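Trainee: Could you look at this predicted model? Sequence included:
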2 protein chains.
Amino acid sequence: MSATSELPPLDGERVTAERVQAHLDGRWAEVRDRSREELRHPLLAPVHGLSLEEHRQRTMEQARHLAKSDGPGLLFPERYGGGDDLGGALTSFEMLAHGDLSLMVKAGVQWGLFGGAILNLGGEEHRSRYLPEVISLDLPGCFAMTETGHGSDVQSLRTTATYDPDTQEWVVHTPDEDARKDYIGNAARDGRMAAVFAQLITDGASHGVHCFLVPIRDEHGEAMPGVTIEDCGHKGGLNGVDNGRLRFEQVRVPRTNLLDRFGQVAEDGTYTSPIEQPSRRFFTMLGTLVTGRASVSGSALSATKTALTIAVRYAGVRRQFRSPDGEREAVLFDFRQHQRRLLPLLAKTYALHAAQQDLLERLHTSFADEEASGEMTDRQELEARAAGIKAATTWHATEAIQTSREACGGNGYLSENRLTQLKADTDVFTTFEGDNTVLLQLVAKGLLTDYRSEFGSMDTFGMARWVADQLVETVVERTAARQLWQSITGIVSRDEDTDLHDRAWQLQTFAWREQHVIAGVARRLKAGVDAGGDGFDVFNDVQDHVLLAARASVDRVVLESFAARIEACEDTEVAALLDRLCDLYALSVIEAERGWYLEHGRFDAQRSKAVTAAVNELCTQLRPFASVLVDAFAIPDEAVGAPIALGDEHARQAMRDAAG
Amino acid sequence: MSATSELPPLDGERVTAERVQAHLDGRWAEVRDRSREELRHPLLAPVHGLSLEEHRQRTMEQARHLAKSDGPGLLFPERYGGGDDLGGALTSFEMLAHGDLSLMVKAGVQWGLFGGAILNLGGEEHRSRYLPEVISLDLPGCFAMTETGHGSDVQSLRTTATYDPDTQEWVVHTPDEDARKDYIGNAARDGRMAAVFAQLITDGASHGVHCFLVPIRDEHGEAMPGVTIEDCGHKGGLNGVDNGRLRFEQVRVPRTNLLDRFGQVAEDGTYTSPIEQPSRRFFTMLGTLVTGRASVSGSALSATKTALTIAVRYAGVRRQFRSPDGEREAVLFDFRQHQRRLLPLLAKTYALHAAQQDLLERLHTSFADEEASGEMTDRQELEARAAGIKAATTWHATEAIQTSREACGGNGYLSENRLTQLKADTDVFTTFEGDNTVLLQLVAKGLLTDYRSEFGSMDTFGMARWVADQLVETVVERTAARQLWQSITGIVSRDEDTDLHDRAWQLQTFAWREQHVIAGVARRLKAGVDAGGDGFDVFNDVQDHVLLAARASVDRVVLESFAARIEACEDTEVAALLDRLCDLYALSVIEAERGWYLEHGRFDAQRSKAVTAAVNELCTQLRPFASVLVDAFAIPDEAVGAPIALGDEHARQAMRDAAG
């Protein structure tokens, strides 16, 4: 217990929300401030209770309004009328998500996905012909990838685009109901063109999935010949986005409508590609779409910040029971349970914010380099990182918004207080732009690849030591008698003496788990394969470990980002406060995973309980800073919207006003 | 690991859904069947996308339709036109919740709360005068307890009812905005009378909270003089229910409008009560409302069953990736992770169903006895049980419906597939009819009372042994070196050898946790008080342990109910299947809490891992029975509604139809 009582009191009275905000806003602070101004516009104010058509119409109006600002164009190079600032563009999408999330998704479809497909999969001709109209929203478009029968398995899409050399056209066709394009944003009402993913067939041979531009509506809004458009109808949220289904009955488009950066077809039908291996080609094409995922994680975080702003402010003013001694009436936030519910979520939000900022900076650099050099970049590690962060932020949004709603009781259930809508709108984030479970498997695959290559390159000595290390772990696990073990070897005893607030210890503890689980997965996979198991069964037997490995890896990445950004923070008082918040993040993850750590002999029962005690103490210490920490998100009042969150006096006043 | 591989294969091919249903339906099977017929009526079919007013209107129409059936009347004695079958009434509310949950809540307000207040808090005159109109819905009413400033702390309500002996009237008054009645169902649109909870003042003295009948609208729907009615507006769900706010400006009602079973005021203003102590009187009055909570838990379970029916059926038909060997295309449910997500939730739903049935039977008996004898019954234990089960079922609903939505991916997000609406409608269940956190504290309070009394009655020998037991535990915890400990004493070693599927071991393991935590809470509370701590701080320091104790207690109660009902099941093949499901419930709870068990030396790392392996194996074993287990809920297709859940062929067909 001594470790936890060593914590000095936090002396952060002079730390203002503005100073924390300066740290959070980071590289694209200016973009954030411009977005904050935008969010004050009445057209972007959160509303509720609209009918489907009203909501769609309003969202399209908002999108047109947005098209007039600099935000969307930032995504594109200057020569097409853009602002050439990928990081800035993603930041402005992220900020947009403090408002109605339907607009963020609509914008993401138009500029991020549809525009992104043309930018990243098209050639110079496609870019210069279409991007200006995409940026100005004169050409509203769709991103038609998902099919009814195959959500996550894009390689198996069944829509075909067959080349007809006689007319030099593509014949785009939907062979059956399972192959119709499903859940396509912008399709039911506004889209005029779709970027359609289909199996490219020429000369009787299939060359895998490619992307084709297919007009779906004429200028009067009528479906093009051969195109059937259906409305997906009412959804659990995001009803401002007009999702629809598309079917193509032998629809013909010119040869040049193939977005041909990664695969070209000559007039005579000859297929060529800079990437020979079809599977690598496919994943390279898909990889250019990584920014879409980064947009989703940024938006999930923004919605989470809005929800926590509301819940934290409410917790500070809402009176609950009188204290048992009857002498004072406590507010919700005075209760340990309430601190326990909200503060670790706030800490995790800060941690994920740091990871998201790192991701944006890396993406920005990677794409800028590619654009400058004209050469393709291998972004596999970055894609895995984006996938992992998308899974982490979206599940976090689900949990944090749900908890915020519950923490506000019946008031949290009133639509005017926004939490239910935030929950409903973000709900699909965990399963779109890649189902989180599938994304985590992508992360794990990356880890295993790293692992195998490391394994392969080890010399005999290294190998022997690795095996020995594994054995030590196994022995420790099997006996689980840490005291006994320590008395024999003393090897691991230092661990127990380390202050729980030691960042290095926290990082090692996270990394140890990641390494341990991934090693276990590798061992099990190998054993399964060696035993001649069926591929599916071998995989399936370790699926839970695979997902655990991925989660552990994301946890580690997030902690590293958070720690590094605090390290780099020059405002020492802000850094001291965030240091404590980072402790809370690290220790609440360790607390949540303590079953695993105990099982694997990483620490003993006493230390495990000390972690819980430390989390409690950190909650007590941080509670007075909670409002500074949410105010630092600097979400304009107009976007927060919720009457229960507009300041102490404000809230009381609003309640009185509402009562007439 | 041997423990898990001892499991014989499940030979349940002949177990049909009908036979499982017979077990589940239990005592009120006939009521359930009648409700199933009701649910097939087109007026009760789930719809979505209605405007606020359309939804409210439809819900009121549904309620009027329902009033013509036998269901609602079951709650009331025959002499007032009822069916005198409390358990049957609660069962019919429960079944109703397979349809639109707005109707269930509207019905709960009218018959359960408003009618329940008159039945349980009123005298014979009130009952005979009002109940027939309540049953027929000719008198739509409200239950006006909650105030803006005080949600959970009913004893501190600030609305006053002051007796004026000159006119023999009550003057009902809202002193300030915090005291207005808030979130009152049936208030914004339909209610004509409200059961208003207010501080009773007579002869200048306050006698605590009592309930008064106050007309709020005349026959033309206009607010009565002095009554201000406000609309709470759009909510996150349940928009068919017209929640509103009520303020009273010196509103006068006759003396006889006091529901006076527990407190009477004579014409001259003299107050008398059969219960002298005001606090006991208050809790006795509140206790009669326990059936409302039982209704919420039943409804939460029904919504959960609907959601799992949808997710399980979809998991069985939705194809996902091809297997790694490319030879087969697996359905979602073939993946371990997917089994892991859904099957423990299904097992817990069965367990909670058993606990809910036990609760209904106990409530039925208790109220029937009271009605027969005319004497007041002490239902404290039953109230605590209802509170705990309400908290458990509603949080379970939140988790299970959320998981079901995610398990159905994008299809789960379409409103036609019902999951998002189920989630939105049940969301408030965790915080209304008692916030779950507050309810768990009620459970814990009961446990501590038990504990103290047990402690007090122990003789010297018993006391010494108890202290010794505590010491043993502490030693075991402190060293956490189980092997070492075992080699010295052998006391606890038997535990490690017991088959994990041994029901007695599971029950002991649950009970041990409950006892251990509650003992810890008692110790900590005593230590805090002995150290002269401030009452609030002492409580707050142990709040997380208090809540843990309550959860552990509910877990134990639920396992006991499930186990007992399987024991009593005469269909041995059904019992064998449910036995396995009960193992899954018990072991997944233990797995989730393994951090705690390891910390407290209840088992070692090897056994902890064996629990996880056993859960995996049980999932594999039960997967083929999942559809039988959801079919056994026997929810009519019309109520399930979701196209993705209407059988293999059905689903494919529906998809094709939808595509035109």
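Mentor: Sure thing, it's come through.

Trainee: quick one: least confident helix or strand in chain A?
Mentor: The helix or strand of chain A with the lowest confidence, counting by mean pLDDT, DSSP states H and E, is helix A:482-489 at a mean of 35.

Trainee: ok, now which ones touch the residue in the stretch 1-150 of chain A that chain B sits nearest to?
Mentor: Taking C-beta to the nearest C-beta, chain B has its nearest neighbour within the stretch 1-150 of chain A at residue A:49, 4.3 Å off. Using the backbone N, CA and C atoms, a C-beta is placed for each residue, glycine as well. For residue A:49, the residues meeting the contact criterion (C-beta atoms under 8 Å, 6 or more residues apart in numbering or on different chains) are A:415, B:51, B:52, B:233, B:234.

Trainee: Assign it to helix, strand or coil.
Mentor: coil (DSSP: H, G, I helix; E, B strand; the rest coil).

Trainee: could you measure it against residue B:91, distance?
Mentor: 35 Å (C-beta to C-beta, to the nearest Å).

Trainee: what does residue A:95 give?
Mentor: Counting by C-beta to C-beta, the gap from residue A:95 to residue B:91 is 51 Å.

Trainee: Over to residue A:66?
Mentor: According to C-beta to C-beta, residue A:66 and residue B:91 sit 53 Å apart.

Trainee: More neighbours: those two, which one.
Mentor: Legend: neighbour count by other C-beta atoms under 10 Å in any protein chain shown for residue A:66 and residue B:91, higher for residue B:91 (28 against 24).

Trainee: What's the local residue count around residue A:150?
Mentor: Around residue A:150 there are 21 residues (other C-beta under 10 Å).

Trainee: Tell me both backbone torsions, phi and psi, for the residue nearest to it when sequence neighbours are not counted.
Mentor: Excluding the flanking residues, the one nearest residue A:150 by C-beta to C-beta, 6 or more residues apart in numbering or on different chains is residue A:156, at 5.2 Å. With angles defined as degrees, to the nearest 10, residue A:156 sits at phi -100, psi 10.

Trainee: just checking, residue A:156 touches residue A:145?
Mentor: No: using C-beta atoms under 8 Å, residue A:156 makes no contact with residue A:145, being 12.0 Å away.

Trainee: quick one: which of these two has more around it?
Mentor: Legend: neighbour count by other C-beta under 10 Å for residue A:156 and residue A:145, higher for residue A:145 (25 against 15).

Trainee: any idea how far the helix or strand where residue A:340 lies is from the chain center?
Mentor: According to DSSP states H and E, residue A:340 maps onto helix A:336-373. Distance of helix A:336-373 from its chain centroid, counting by C-alpha atoms, centre = their mean, to the nearest Å, is 9 Å.

Trainee: which residues of chain A score low on pLDDT?
Mentor: Applying pLDDT under 70 to chain A flags the ranges A:1-8, A:12-13, A:151-152, A:320-329, A:449-496, A:647-660.

Trainee: how does it look with 80?
Mentor: The model of chain A has pLDDT under 80 over residues A:1-13, A:150-155, A:287-289, A:319-329, A:376-377, A:446-497, A:526, A:528-530, A:532-536, A:647-660.

Trainee: Which residue ranges of it form strands?
Mentor: Secondary structure of chain A by DSSP state E: the strands cover A:141-144, A:160-164, A:169-173, A:181-184, A:193-202, A:205-215, A:227-231, A:244-248, A:251-254, A:264-265, A:271-272, A:319-322, A:329-331.

Trainee: which of those sits most buried?
Mentor: Highest mean neighbour count among the strands of chain A (mean count of other C-beta atoms under 10 Å in any protein chain shown): strand A:141-144, with a mean of 30.

Trainee: What helices and strands are in contact with that strand?
Mentor: Under the contact criterion of 3 or more C-beta pairs under 8 Å, 6 or more residues apart in numbering or on different chains; DSSP states H and E, strand A:141-144 touches strand A:181-184, strand A:193-202.

Trainee: possible to save the ones you listed as JSON lines with distance to chain B?
Mentor: JSON lines is the format used below for the helices and strands packed on strand A:141-144 (distance: least, C-beta to the nearest C-beta, whole Å):
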{"stretch": "strand A:181-184", "distance to chain B": "5"}
{"stretch": "strand A:193-202", "distance to chain B": "15"}
